[in-house]
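In: the following block contains a protein sequence and its predicted model.
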Amino acid sequence: MPPTSPTALVIGASRGIGKTICLALAKAGYNIGVSSRTTEHTAKLPGTIFTTAKDIEHLGLRAIPIECNVRKVEDINNAVETCISHFGSLDVVIYNAGAILWNKVIDTSVKRFDLMLDVNIKGAYALTQAVLPPFLENRHGKIIMVSPPIYSRFFKGKTPYAISKIGMSILVQGLSTELCGTGVSITALWPATVIKSHVTTVLGVESKLMREPDIFADACLAIAGESTNRLNGKCLIDEDYLRSIGVRDFEKYRCNPDYEPPRMMPKEFPSLLVDEENNSLDLSVQIHKN
């Protein structure tokens with residue numbers, strides 16, 4: 001059973017959505033591991049793990065800043081170990097780190113592609129491997145990945161980026177079958193609309209096109225607090241999931257109170273299941289024979 005004060009580790013927590021997630025979880029009673037590689041405030045990258053942790057502590061809540069470059073597996077392992085040693089437990093991990101470049105294949109260098117693979121899918125995989133042993137031992141724990149449902153339109157015009165993010169969603173759906181009956185679950189979450197962030201501020205996105213990051217944080221908090229593992233393997237949309245659990249007021253999330261931002265995600269997503277879903281081919285026997 002989880003302790004009275006559960007602990008959450010948020011990777012990518014210096015600003016924007018990640019910081020908002022940290023504050024929402026902390027206000028709900030979670031100890032927070034605030035993790036990111038940003039340790040110095042700059043005009044280009046405002047906010048650090050220390051400012052996020054201080055904002056939590058100013059509320060009388062518990063947080064620890066943990067420097068973590070997700071391209072280094074040892075940093076991810078250290079973030080997990082630090083949370084457990086400092087707070088005595090780890091119950092939820094949220095992988096919010098991300099490298100974004102929405103370009104076509106011909107316009108994306110191998111170097112930039114490698115960065116997205118490292119930060120998005122390799123970092124997510126490394127975090128998963130780091131938390132599975134303690135989660136499985138305790139038969140308790142939730143992993144939340146910031147990645148989208150799998151559908152064809154997402155690939156268009158940004159194929160290199162899509163490869164890295166869809167890879168995270170494949171991890172969610174594939175690993176979920178290995179976690180059945182363990183008490184541990186993995187879920188993906190993605191926004192229905194544009195979410196206000198440092199990037200949208202730099203790009204000058206109109207406020208009427210965006211929602212506040214609180215909607216995403218509220219969805220993360222609800223997933224973390226699910227009493228069952230019914231969301232294991234699900235790729236969810238923040239608005240749709242919140243509606244499914246009874247939330248009806250979405251005006252409070254508007255950046256511009258007079259405008260409901262347009263939805264950027266489809267209302268329905270294709271099923272990836274096939275008729276032969278439960279058929280298996282054990283190639284290991286044939287391999288050993290040869």
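Out: Done, it's in.

In: strands along the stretch 1-150 of the chain, start to end?
Out: With DSSP state E, counting those that start in this stretch as the criterion, the stretch 1-150 of the chain has strands at 7-11, 31-36, 63-67, 92-95, 141-146.

In: who does the last one pair up with?
Out: When you say that, I think you mean strand 141-146. Applying DSSP bridges, strand 141-146 is found paired with strand 92-95 (parallel), strand 184-190 (parallel).

In: may I ask you to confirm that Cys21 is in contact with Val93?
Out: No, residue 21 isn't Cys; it's Ile. No: Ile21 is beyond contact range of Val93, at 11.4 Å (criterion: Cβ atoms under 8 Å). For glycine as for every other residue, the C-beta is placed from the backbone atoms N, C-alpha and C.

In: quick check: neighbours shared by these two?
Out: Val10 (Cβ atoms under 8 Å, 6 or more residues apart in numbering).

In: quick check: longest helix of the chain.
Out: helix 159-179 (DSSP state H).

In: for it, list the C-alpha coordinates in CSV.
Out: Once non-C-alpha atoms are left out, helix 159-179 reads as follows in CSV (Å, rounded to 0.1, in the frame of the first residue of the first chain):
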residue,chain,number,x,y,z
THR,A,159,7.6,12.6,-39.4
PRO,A,160,10.9,12.7,-37.5
TYR,A,161,9.3,14.2,-34.4
ALA,A,162,6.3,11.8,-34.8
ILE,A,163,8.7,8.8,-34.8
SER,A,164,10.1,9.8,-31.4
LYS,A,165,6.7,10.6,-29.8
ILE,A,166,4.8,7.6,-31.2
GLY,A,167,7.7,5.5,-30.0
MET,A,168,6.7,6.6,-26.5
SER,A,169,3.1,5.6,-27.1
ILE,A,170,4.2,2.2,-28.4
LEU,A,171,6.2,1.8,-25.2
VAL,A,172,2.9,2.6,-23.3
GLN,A,173,0.8,0.1,-25.2
GLY,A,174,3.4,-2.7,-25.3
LEU,A,175,4.6,-2.5,-21.7
SER,A,176,1.0,-2.4,-20.5
THR,A,177,0.6,-6.1,-21.5
GLU,A,178,3.7,-7.0,-19.4
LEU,A,179,2.3,-5.1,-16.4
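
In: what's in contact with that helix?
Out: With Cβ under 8 Å, 6+ apart, helix 159-179 has contacts from 95, 98-105, 108, 112-113, 116-117, 119-121, 124-125, 128, 145-150, 154-155, 185-188, 229, 232-235, 272.

In: now swap in stretch 104-115 and tell me
Out: Stretch 104-115 has contacts (Cβ under 8 Å, 6+ apart) with 99, 101, 103, 157-160, 163.

In: distance of the closest residue to Gly141 other than its chain neighbours from Ser185?
Out: Residue nearest to Gly141 in three dimensions, not counting chain neighbours: Phe135, with 3.1 Å by Cβ to Cβ, 6 or more residues apart in numbering. Distance, Phe135 to Ser185, by Cβ to Cβ, to the nearest Å: 9 Å.

In: between these two, which contacts overlap?
Out: Taking Cβ under 8 Å, 6+ apart as the criterion, Phe135 and Ser185 both touch 141, 143.

In: what about Lys111, how many neighbours?
Out: Neighbours of Lys111 under the rule other Cβ atoms under 10 Å: 7.

In: these two touch, right, Thr200 and Pro191?
Out: No: assessed by Cβ under 8 Å, Thr200 is found out of contact with Pro191, at 11.5 Å.
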